[in-house]
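# Coordinates only, no sequence provided:
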């Protein structure tokens, strides 16, 4: 049973929140507090799995509650609620370790989703320390990704003049920035949000998959509360509006570099040990100090600086395989369910040729007609073209018998028609340049993979004859996908 503390001074809103939680799940035990002072008193006396906390309250505000709570029990996730959407406050609470920041009245789906995610990962917390560990001769390598030439020049000049400790590399757009980031090692990245070819959120998301330990400071001239919260949840160190306050900017840079060095140094310290512990039904990597205190190493949106135990990956893969097998055997499964599963587990559809599966990219033509492929598969080799992947249901028939001859079903011919539409779309140079500029993807007369139906009992020779009728279309059964992943478990 999950025990949740709701700290909210407005009684009507508090009653609504309690009602939503108790109706959502009978496993939620809800405790109420009518202000911050009573809330922190209850929090320190009892054990909770999650705290929902208002920002603006009498006696003690939500930010102060969060600060005090994180000092005594840093592992308990906080979701902050506010009827006064404020960008600086949102960023501050996220940096203090809040799991999420939601404006009131909350969107119910997002609210419940955030609660579920927080409870699943309740041992996640952020360590904020401001110690800089720079040796005398070392330089801080900074990557600046900014499309505005004037802004970029100003920031580069300021950094290079700052005691000669910063070595700055520049990128004029997001796509160029991620290419440089992949090739070189950096201590810090300053990244604009609104840019051509690839925006800052996409850069941040891709970078955290490649080198999650490198801190990102996001800079934007378009102060937006939701964007700020999203960047922090994706793993950004801070979010600063343009034009930046220079004192704050340089302090943030020093703190970010210092925190990274602190984390690197702690890995090698003799007074702590790295261990694997079974916590709340999950295997977690922890660092144990001599006095018995421990801290999680596998923090949210942050893969640790030690080698992740292989058996943990096997456990996660086994769970995903079991979930996939359930989905393809359940007659009520929808295409949307399969789409969500593959988005969470892209290794099921990727192979040695493809490195990223991009979902729900909207292809608009000059007539404002949208095509939305389920996935666009980006190859490892940039010289190769991207391909498409479409999903059909596991219960869909692939072959049908007509006039004593097996032929493709109507679902397969529907996929052929889709492929013709995509091929026609990418015949136009304007469309090819648009997707290259926005997503960095090369497409022209793409091949299309279709995951459809179950394994056939037809003779392989018959299947080969039927397949000769198709070009640029490859059919894959759900059993083939399942068996491929099961082989990885052996």
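Arrived safely, thanks for sending. Fair warning: this is a prediction, and the values are worked out from it, not measured in the lab.

# Please enumerate the strands of the stretch 301-450 of the chain.
Listed in chain order, the strands of the stretch 301-450 of the chain (DSSP state E, counting those that start in this stretch) span 354-359, 363-364, 370-371, 375-379, 387-391, 399-402, 405-408, 448-451.

# Roughly how far does the residue nearest the centre of the chain sit from residue 201?
Relative to the mean C-alpha position of the chain, the nearest C-alpha, by Cα atoms, centre = their mean, is the one of residue 234, at 5.6 Å. Note on residue 234: its distance to residue 201, by Cβ to Cβ, to the nearest Å, is 7 Å. In this view, the C-beta of every residue, glycine as well, is placed from N, C-alpha and C.

# go on, residue 182?
Counting by Cβ to Cβ, the gap from residue 182 to residue 201 is 18 Å.

# ok so, going back, could the strands of the stretch 301-450 of the chain go into CSV alongside distance to residue 77, mean pLDDT and mean neighbour count?
Converted to CSV, the strands of the stretch 301-450 of the chain look like this (distance: least, Cβ to Cβ, whole Å; pLDDT from 0 to 100; neighbours: other Cβ atoms under 10 Å):
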stretch, distance to residue 77, mean pLDDT, mean neighbour count
strand 354-359, 27, 92, 17
strand 363-364, 38, 85, 16
strand 370-371, 37, 86, 12
strand 375-379, 32, 95, 22
strand 387-391, 33, 95, 22
strand 399-402, 50, 84, 12
strand 405-408, 50, 82, 15
strand 448-451, 36, 94, 24
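
# of all those, which lies closest to residue 32?
strand 354-359 (40.2 Å; Cβ to Cβ).

# Quick one: list the elements packing against the closest one.
With contacts defined as 3 or more Cβ pairs under 8 Å, 6 or more residues apart in numbering; DSSP states H and E, the packing partners of strand 354-359 are helix 335-344, strand 375-379.

# before we move on, the earlier item: please work out how many residues are found near the closest residue to the residue nearest to the centre of the chain other than its chain neighbours.
Spatially, and ignoring its direct neighbours in sequence, residue 234 is nearest to residue 204 (5.1 Å; Cβ to Cβ, 6 or more residues apart in numbering). Applying other Cβ atoms under 10 Å, we find 23 residues neighbouring residue 204.

# Point out where the stretch 351-490 of the chain drops to low pLDDT.
366-368, 468-471 (pLDDT under 70).

# What are the boundaries of the helices in it?
410-427, 429-439, 460-467, 478-489 (DSSP state H, counting those that start in this stretch).

# Between those, which one is closest to residue 91.
Per Cβ to Cβ, nearest to residue 91 of the helices of the stretch 351-490 of the chain: helix 429-439, 27.2 Å.

# List the buried residues of that closest one.
431, 432, 435, 438, 439 (16 or more other Cβ atoms under 10 Å).

# Can you redo these as CSV, where the extra columns are distance to residue 79?
Shown next, in CSV, are those (distance: Cβ to Cβ, whole Å):
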residue, distance to residue 79
431, 42
432, 43
435, 37
438, 33
439, 32
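
# on that earlier part again, could the helices and strands packed on strand 354-359 go into TSV alongside distance to residue 314?
What follows is the helices and strands packed on strand 354-359, written out as TSV (distance: least, Cβ to Cβ, whole Å):
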stretch	distance to residue 314
helix 335-344	17
strand 375-379	25
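
# Which one of those lies nearest to residue 406?
Relative to residue 406, the nearest member of these by Cβ to Cβ is helix 335-344, separated by 24.9 Å.

# Pull out the buried residues from stretch 451-464.
451, 452, 453, 454, 456.

# mind listing the strands for the stretch 101-250 of the chain?
Under the criterion DSSP E, counting those that start in this stretch, strands of the stretch 101-250 of the chain are mapped to 140-145, 166-171, 188-192, 216-220, 238-241.

# most packed of those strands?
Per residue and on average, the most neighbours among the strands of the stretch 101-250 of the chain fall to strand 188-192, with a mean of 26 (mean count of other Cβ atoms under 10 Å).

# Name the next helix or strand following the host helix or strand of residue 79 along the chain.
Here residue 79 sits within strand 78-82, counting by DSSP states H and E. Using DSSP H and E, the helix or strand that directly follows strand 78-82 along the chain is helix 87-95.

# quick one: contacts of that next one?
With Cβ atoms under 8 Å, 6 or more residues apart in numbering as the test, helix 87-95 has contacts from 55, 62-63, 66, 78, 80, 82, 101, 126, 128, 223-225, 228-229, 232-233, 237-239, 241.

# go again using 7 Å as the cut-off
Contact with helix 87-95 is made by 55, 63, 66, 80, 82, 101, 128, 223, 225, 228-229, 232, 238-239, 241, as judged by Cβ atoms under 7 Å, 6 or more residues apart in numbering.

# now do stretch 340-351
320, 323, 324, 327, 357, 359, 375, 389, 481, 485.

# could those go into JSON lines alongside distance to residue 412?
Below are these laid out as JSON lines (distance: Cβ to Cβ, whole Å):
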{"residue": "320", "distance to residue 412": "28"}
{"residue": "323", "distance to residue 412": "27"}
{"residue": "324", "distance to residue 412": "22"}
{"residue": "327", "distance to residue 412": "21"}
{"residue": "357", "distance to residue 412": "22"}
{"residue": "359", "distance to residue 412": "22"}
{"residue": "375", "distance to residue 412": "18"}
{"residue": "389", "distance to residue 412": "15"}
{"residue": "481", "distance to residue 412": "17"}
{"residue": "485", "distance to residue 412": "24"}
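
# Break this protein down into its domains, please.
Under the assignment automatic domain parsing, the domains of the chain span 2-120, 140-267, 272-308, 331-489.

# Now render those as JSON lines, adding distance to residue 316.
Listed next are these as JSON lines, based on distance: least, Cβ to Cβ, whole Å:
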{"stretch": "domain 2-120", "distance to residue 316": "13"}
{"stretch": "domain 140-267", "distance to residue 316": "16"}
{"stretch": "domain 272-308", "distance to residue 316": "9"}
{"stretch": "domain 331-489", "distance to residue 316": "9"}
